[in-house]
Structures are given as C-alpha cells and as structure tokens.
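# Just need the structure, nothing else, for what follows:
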Amino acid sequence: MINSDVFKTITLFFKCILILIFLGIILPNLFDYIIISLIIKSKFHGNSVLVYNILSDNKQIIYNYIYLFKLTISR
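A predicted model of the protein is given here:
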C-alpha cells in the first residue's frame, strides 16, 4: 500500500513538472516564433502605406512585449 501511494505521488509530481515546463517554456517560445514569423512573412504592397505604418508600430510593440516577458522569466 505504501509503494502504490509513493508511486502515485511520484507520477503526479512528474506530470506537474511536465505541465509547468510546457506552459512556462515551450508554449511562450512557440507563441514567440509564431508572432515573429507572421510579422516577417507579411507582405506589403506599394499602395498600402497606412497599413504598413500600423503593422510596423505593432511590430515594435510586440518586440517590446517579448523582450519584457523574457526579461521577467530570466530573473
């Protein structure tokens, strides 16, 4: 009976660690990659100056957000 309780506790601990790793490391990096790839791959036409300016401003905001997010995680 003690062995089964210890085994359940250890498996629950490792499941929690895996969930924390996924939500804390893998998922933010995946979102970072998706957002940056969407910004870089977006194409602009010659007559869309206003849209280009809006996207370039949003690009800077997203880069600042990613920088601050990585800064808080690294502490």
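
# and Ile26, how many residues sit next to it?
Ile26 has 10 neighbouring residues, counting by other CB atoms under 10 Å. C-beta: built from backbone N, CA, C; applies to glycine.

# Tell me how far Leu18 lies from Leu12.
11 Å (CB to CB, to the nearest Å).

# can you check Asn3 too?
Asn3 is 15 Å from Leu12, by CB to CB.

# For whatever helix or strand Ile36 lives in, name the packing helices and strands.
Following DSSP states H and E, one finds Ile36 within helix 27-41. Contact here means 3 or more CB pairs under 8 Å, 6 or more residues apart in numbering; DSSP states H and E; on that basis helix 27-41 packs against helix 49-74.

# okay, the angle between the helix or strand where Ser4 lies and helix 27-41?
Using DSSP H and E, Ser4 sits in helix 2-21. Orientation check (axes from the mean of the first three to the mean of the last three CA atoms, to 10 degrees): helix 2-21 against helix 27-41 gives 20 degrees.

# And Asp5, how close does it get to Ile40?
From Asp5 to Ile40 the distance is 51 Å (CB to CB).

# and Leu71, how many neighbours?
Leu71: 9 neighbours (other CB under 10 Å).

# still on that earlier bit, looking at Asn3 and Leu12, which has the bigger crowd around it?
Leu12 (10 against 7).

# Would you mind writing the CA trace of the helix holding Ser4 as PDB?
Below are the C-alpha coordinates for helix 2-21, written out as PDB (Å, rounded to 0.1, in the frame of the first residue of the first chain):
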ATOM      1  CA  ILE A   2       2.800   2.400   0.800                       C
ATOM      2  CA  ASN A   3       4.500   1.600  -2.500                       C
ATOM      3  CA  SER A   4       1.400   2.400  -4.500                       C
ATOM      4  CA  ASP A   5       1.000   5.800  -2.700                       C
ATOM      5  CA  VAL A   6       4.600   6.700  -3.300                       C
ATOM      6  CA  PHE A   7       4.400   5.700  -6.900                       C
ATOM      7  CA  LYS A   8       1.200   7.800  -7.400                       C
ATOM      8  CA  THR A   9       2.900  10.700  -5.700                       C
ATOM      9  CA  ILE A  10       6.000  10.500  -7.900                       C
ATOM     10  CA  THR A  11       3.900  10.200 -11.100                       C
ATOM     11  CA  LEU A  12       1.800  13.100 -10.100                       C
ATOM     12  CA  PHE A  13       4.900  15.200  -9.300                       C
ATOM     13  CA  PHE A  14       6.400  14.400 -12.800                       C
ATOM     14  CA  LYS A  15       3.100  15.200 -14.500                       C
ATOM     15  CA  CYS A  16       3.100  18.600 -12.800                       C
ATOM     16  CA  ILE A  17       6.700  19.300 -13.700                       C
ATOM     17  CA  LEU A  18       5.900  18.400 -17.400                       C
ATOM     18  CA  ILE A  19       2.900  20.700 -17.400                       C
ATOM     19  CA  LEU A  20       4.900  23.600 -15.900                       C
ATOM     20  CA  ILE A  21       7.700  23.000 -18.500                       C
END
